Structure formats: structure tokens, C-alpha cells
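>>> Prediction below, plus the sequence it came from.
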Amino acid sequence: MKENKAACIMIVDDSPESRLLIETYLRAAGYTHIMQAGSALECYELLNLEERSGAERSDLIIMDILMPQTDGIAALKTLKAHPVYRDVPVLMVTVETGLHQLDLAFSCGATDYMTKPLKQIELLARVRSALKLKTETDCRKDREKVLRHVTAKLTQSNNKLRQLTELDGLTGIANRRRFDEVLVAQCEHYPKLGQFLSFVMIDIDCFKAYNDTYGHQQGDWCLQKVAHLIQTFTVIPQLAARYGGEEFAVILPDCTGEKAVKLAETMRYEIEQAKFVHEASPVASVVTVSCGVVTVASKCILLPAEVIALADKQLYLAKQQGRNQVKFQEINENTNIIVEK
């Protein structure tokens, strides 16, 4: 790795002679961007440390441990607490070699240390090593930044792909594929959790007549509006989906029959009250829906196809008996279930 002679080096020492000696050694080795500070406070000012995100950058700091007012250990703690200088190497200089002091310096984030009187060869070797570490750290951070950007883009792409694979292109609610996945999972889990599972099938009454009267473009608009109203009354982990054509389905985990019927009736009522004109309907002059609701108790284990068939049967009864209504059946251990497959 090429040595970085353009690096900015800060020398912090209360002794002018020590600062001059270090700078002389550094300039003789080709380093030209050098700053001096006679105290920790002067160092803070030169680095503009009060500006948390806009501090003057220094690539390496050489700092004496024994300084009046604020010593090198305290200054080191301040520097390492700053977001800009968290990863900047700091070489500590000391006339003492006490293990406690050195241990304290390293625990506060010091990169290395040197003892006075300083030797030119040792100083330059440690400076080169520290700057190499700084370059490697900067490269790693750059790679991590790129990786975060790529990860964010990948997440965005995955979200778009999820929308294409899980959401209905016309209505924006869950599609049949997502519905099938969730229903299978719920049919596996509700008996284990000792919960009810409720399911609602919804069909727009006389939708073919609506399309024939107003056209398919207006029919799409109607589907979107009805889907939006159905979605409005579902909350996670409930799922509203377009089942196919003008049919919608709502999966209601851990929902009793009473609550499921109440929700289905609310949806039916709100869709009717939206007053989407449907003059060709024999049911009403506005768009209405029929609903079939089935609730399965935890002791009854049913396959997804059986749950759908039972709800579809109730939907058929609602349509057969005049439409614009809700029909309901609860399945428990005493229910004689006959499902045509």
C-alpha cells in the first residue's frame, strides 16, 4: 500500500521544543500537512471539534500524555467520543513507562505509544504504521458504505418484486398467490394455538350486468373501490385479497364467529352506503355485495380447500336468497361437515 505523504498530522504537546522536533522529523520524511497545538483545548479549536459533523479532519494525532489542565488521557477520551475521530489513530507520547498509564491509554482508544526522548526512526515507523491502519480503516468504511447502498437498492428491488408477486395489479390488495400462502399457514397454526379461524368470501352482486352496462374500464374502477373499502376494515394479521374476478376473500386469524359476522356485515353495509350507481342490478340501484362467512374452532382441523368450500357454500346461499346479505356457519367438533370436492 502506497505511503500517504499528504496525510494531515496533528501534534499536541505543551512543550514547543517537542513539537518542533516532531515536526522536523516528519517534514524530513516528506510529510507537509502538519498542525501544532500546545494544549488539548487548542487542539479542539484547531480541529473545530464543537461541530459534531463538520470537524477539520486530521489523519493522525501525536499527543503527549502529561499536559497541564487537560491531560492526554482526557483529551483522548474526548477525541474518541467524536464521530469524526472515532477511527482516527492517536499515538501517545510519554516520559513514563508505567503500565497502568499505558493500559489506561489503550483502553481509551490509543493506537500506539512512544517514550521520550523520541528517536526519528522509531517515530517515522510508528507514524507509517498508524497511517497505514487509517488508510485500511477508511477503505473498509468506504466498502461498508457501498455495501449499505447496494443493500438498500436490493431491499428496494425486493420490495418491488414482492409487490409484483404478492399484490393484485388492479386493486393493490393481496393477490390470489399471497392469499393461498397465508391461508395454508393459518390452517396449520390455528389448531396448535387453540384459536378460531374465520374466513369471508365476498362477491359483487350482478357484476356482469355492471360491466355490460358501464363498460370494463368502469368495472375496473368499481373493483378498485370495493377492494379499498374491504381493505379499510382489515388490520394485521388479517388479510384482504382479490380471490378472482369480482370475488374477494378475507382471512381473519383468531377471530370468533360473532366478530367475523359483524365485520362482514360492516363491509357489506359500507359498500352499499358508498352508493356506487348500478342501475342494472335487480338487487338495488347501487353496488352491493354478498358474503359467506365460516368460522372453524381450534379442535376442528380443516384443509384450506375445505375452508374455502364451506365459505363458498355460505356465499351461494346469500346469493340464492336475494343477495346483499351475510350468511354464516360455525364449524366445531359437533358439526357434521360435508364438503364436496
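All right, it came through fine.

>>> So which elements touch the helix or strand where residue 140 lies?
For residue 140, the element it lies in under DSSP states H and E is helix 120-166. With contacts taken as 3 or more Cβ pairs under 8 Å, 6 or more residues apart in numbering; DSSP states H and E, helix 120-166 sits against helix 16-28, strand 60-64, strand 90-94, strand 112-115, helix 176-193. Backbone N, C-alpha and C define where each C-beta goes, glycine included.

>>> now it and strand 90-94, what's the angle there?
Between helix 120-166 and strand 90-94, the angle comes out at 150 degrees (axes from the mean of the first three to the mean of the last three Cα atoms, to 10 degrees).

>>> I'd like the average pLDDT over helix 120-166.
The average pLDDT for helix 120-166 rounds to 89.

>>> Stretch 319-327 too?
Stretch 319-327 carries an average pLDDT of 96.

>>> which residue is nearest the middle of this protein?
With distances taken as Cα atoms, centre = their mean, residue 155 lies nearest the centre of the chain, 8.9 Å away.

>>> What separation do you get for that residue and residue 162?
Distance from residue 155 to residue 162, counting by Cβ to Cβ, to the nearest Å: 10 Å.

>>> With residue 183 instead?
Applying Cβ to Cβ, the value for residue 183 to residue 162 is 18 Å.

>>> so which of the helices and strands packed on helix 120-166 gets nearest residue 271?
Closest to residue 271 of the helices and strands packed on helix 120-166 is helix 176-193 (Cβ to Cβ; 19.5 Å).

>>> which residues touch that closest one?
165-168, 174, 196-197, 199, 239, 241-244, 249, 251, 253-254, 296, 298-304, 307-308 (Cβ atoms under 8 Å, 6 or more residues apart in numbering).

>>> In that helix, which residues are buried?
178-179, 182-183, 186-187, 190-191 (16 or more other Cβ atoms under 10 Å).

>>> Any idea which of these the model trusts least?
Across these, the bottom pLDDT score, 84, is held by residue 191.

>>> For residue 118, see how far away the residue of the chain most remote from its centre is.
Going by Cα atoms, centre = their mean, the residue of the chain most distant from its centre is residue 17, 54.7 Å out. Distance from residue 17 to residue 118, counting by Cβ to Cβ: 11 Å.

>>> do residue 178 as well
Going from residue 178 to residue 118 by Cβ to Cβ gives 69 Å.
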